[in-house]
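# quick one: sequence plus predicted model below, questions after.
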Amino acid sequence: MKILYGLPSEGMGHATRSNVIIAHLLKSHDVRVATSDRAFSFMQERFPGRVYEIKGFHLAYKDGRVSKSSTASLLLKNGPKDLLANIHKYRLVHKEFQPDLVISDFDSFTFFYAKFNKLPLISVDNIQAMNRCKLDFPIPTSERNSYEIAKNIVKAKVANADYYLITSFFEAQTRKKNTSLVPPILREKILDATGRAGEHLLVYQTSSSQNSLIPALNKVPKIPFIVYGFNKSESHDNVTLKKFSEDGFIGDLASAKGVISNGGFSLLSEAVYLKKPVCSVPIKGQFEQYVNAAYIEQCGYGRHLPDFTADGIKAFLFDIAAFQDTVSHYQQDGNKETFKKLDEVIARVTK
């Protein structure tokens, strides 16, 4: 069977997850990938000759939060030419490949391709939980607007797919048909890693504009912090900044006492799988991250903090033993359950 698989480039979590899924699909199917920017380079390196470069949507950030005005400006500036480029790529895909099935990891290009050509469509992502599951935590008034906006965007993004697979490290009740929750997709190096509780906390921060991060960590002097995300190698008393390397990062994650991160789904899933307590500080304006952080706290795996502060980190550390005890009971048999369900859904929607 010929499968067209689409993923966005906003955040590399989609790419690392899709890399694992596509490798599985290639055992039984002919697969082509559509994506953009960093995700295109990542996928092209792993699946040469199978990747179409498209134009993607980007969020703009200011002071560690999503800037709606800057995002809108980017869309107005690049939208028309990006649309023309994607129309050309649409025709190329249709001429060269003519897929039988489309799988979208929150990608619009492949969604529209499936709809225009009346092809079976499967959605595989974690974000659809906002639309297709009952969220089992109170949404504060301050987040209501972000919730409604995010929910409507998610609802429209991959609408009326034949089936929705929602990857999740938490349990939630589905409220729409043709929807299943499955365990998160994990890369092989995470599955092969051996977790142990060291002395350091791993900090992952993607927004280098947050210059308050290092001073906040310095106010917790008895704890060594290893920080990724600033793309530099420096030492500041108890804080060590490291340039990114996959092996180095996974080693520091596997041996960490705990993890401090934003609300990005991939790292939270990897931390939970390795049974690491998590302190999550979601990027403001991204309700998906708010959901992930809220469930980290709801499950008893760690703390959800509204802001990155020394007092918040100290509160997390005060209860870290209890978080460790709870997260140690998390169970996931690699990717077996998710792959089995995906194969079943493919057979179901294409029969």
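Cool, got the structure.
# my read: Lys243 touches Val227, true?
No - with contact defined as Cβ atoms under 8 Å, Lys243 does not reach Val227; the gap is 10.7 Å. The C-beta positions use only the backbone N, C-alpha and C, and glycine is treated the same way.
# those two: which is more packed in?
It is Val227, of Lys243 and Val227, that has more neighbours when counted by other Cβ atoms under 10 Å, with 22 against 12.
# ramachandran coordinates for that one?
Reported as degrees, to the nearest 10, the phi and psi values for Val227 are phi -110, psi 130.
# how far away from the center of its chain is stretch 332-340?
Relative to the chain's own centre, stretch 332-340 is displaced by 18 Å; criterion: Cα atoms, centre = their mean, to the nearest Å.
# can you list the weak-confidence ranges in the stretch 1-150 of the chain?
Per-residue confidence of the stretch 1-150 of the chain (counting by pLDDT under 70) places the weak regions at 11, 55-90, 92.
# switch the cut-off to 80
Under the criterion of pLDDT under 80, the regions of the stretch 1-150 of the chain flagged as low confidence span 9-12, 55-94.
# need the strands for it, in chain order.
Along the stretch 1-150 of the chain, counting by DSSP state E, counting those that start in this stretch, strands occupy 2-6, 30-35, 51-53, 61-62, 65-66, 101-104, 121-125, 133-134.
# could I get the ones you listed as TSV with mean neighbour count and distance to Val278?
Conversion of the strands of the stretch 1-150 of the chain to TSV gives the following (neighbours: other Cβ atoms under 10 Å; distance: least, Cβ to Cβ, whole Å):
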stretch	mean neighbour count	distance to Val278
strand 2-6	24	29
strand 30-35	23	28
strand 51-53	21	33
strand 61-62	16	22
strand 65-66	16	20
strand 101-104	26	28
strand 121-125	25	20
strand 133-134	15	20
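# for Ala193, find the nearest of the ones you listed.
Between Ala193 and the strands of the stretch 1-150 of the chain, the shortest gap by Cβ to Cβ is with strand 121-125, which sits at 23.6 Å.
# next, count neighbours for Arg175.
Each residue near Arg175 was counted by other Cβ under 10 Å, and the total is 11.
# dump the C-alpha coordinates for stretch 115-133 into PDB.
Taking C-alpha atoms only, stretch 115-133 is exported to PDB below (Å, rounded to 0.1, in the frame of the first residue of the first chain):
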ATOM      1  CA  LYS A 115      -9.900  15.400   1.300                       C
ATOM      2  CA  PHE A 116      -9.500  16.600  -2.300                       C
ATOM      3  CA  ASN A 117      -8.800  13.100  -3.500                       C
ATOM      4  CA  LYS A 118     -11.300  11.300  -1.300                       C
ATOM      5  CA  LEU A 119      -8.700   9.100   0.300                       C
ATOM      6  CA  PRO A 120      -8.800   7.400   3.700                       C
ATOM      7  CA  LEU A 121      -7.300   9.600   6.400                       C
ATOM      8  CA  ILE A 122      -5.800   8.700   9.800                       C
ATOM      9  CA  SER A 123      -4.800  11.300  12.400                       C
ATOM     10  CA  VAL A 124      -1.900  10.400  14.700                       C
ATOM     11  CA  ASP A 125      -1.000  13.000  17.300                       C
ATOM     12  CA  ASN A 126      -1.300  14.000  20.900                       C
ATOM     13  CA  ILE A 127      -3.000  17.300  20.300                       C
ATOM     14  CA  GLN A 128      -6.400  16.000  19.300                       C
ATOM     15  CA  ALA A 129      -7.000  15.200  23.000                       C
ATOM     16  CA  MET A 130      -8.100  18.800  23.400                       C
ATOM     17  CA  ASN A 131     -11.000  18.200  21.000                       C
ATOM     18  CA  ARG A 132     -11.800  14.500  21.300                       C
ATOM     19  CA  CYS A 133     -11.300  13.700  25.000                       C
END
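# list the buried residues in stretch 230-248.
By neighbour count, with 16 or more other Cβ atoms under 10 Å as the criterion, the buried positions of stretch 230-248 are Phe230, Asn238, Val239, Thr240, Leu241, Lys242.
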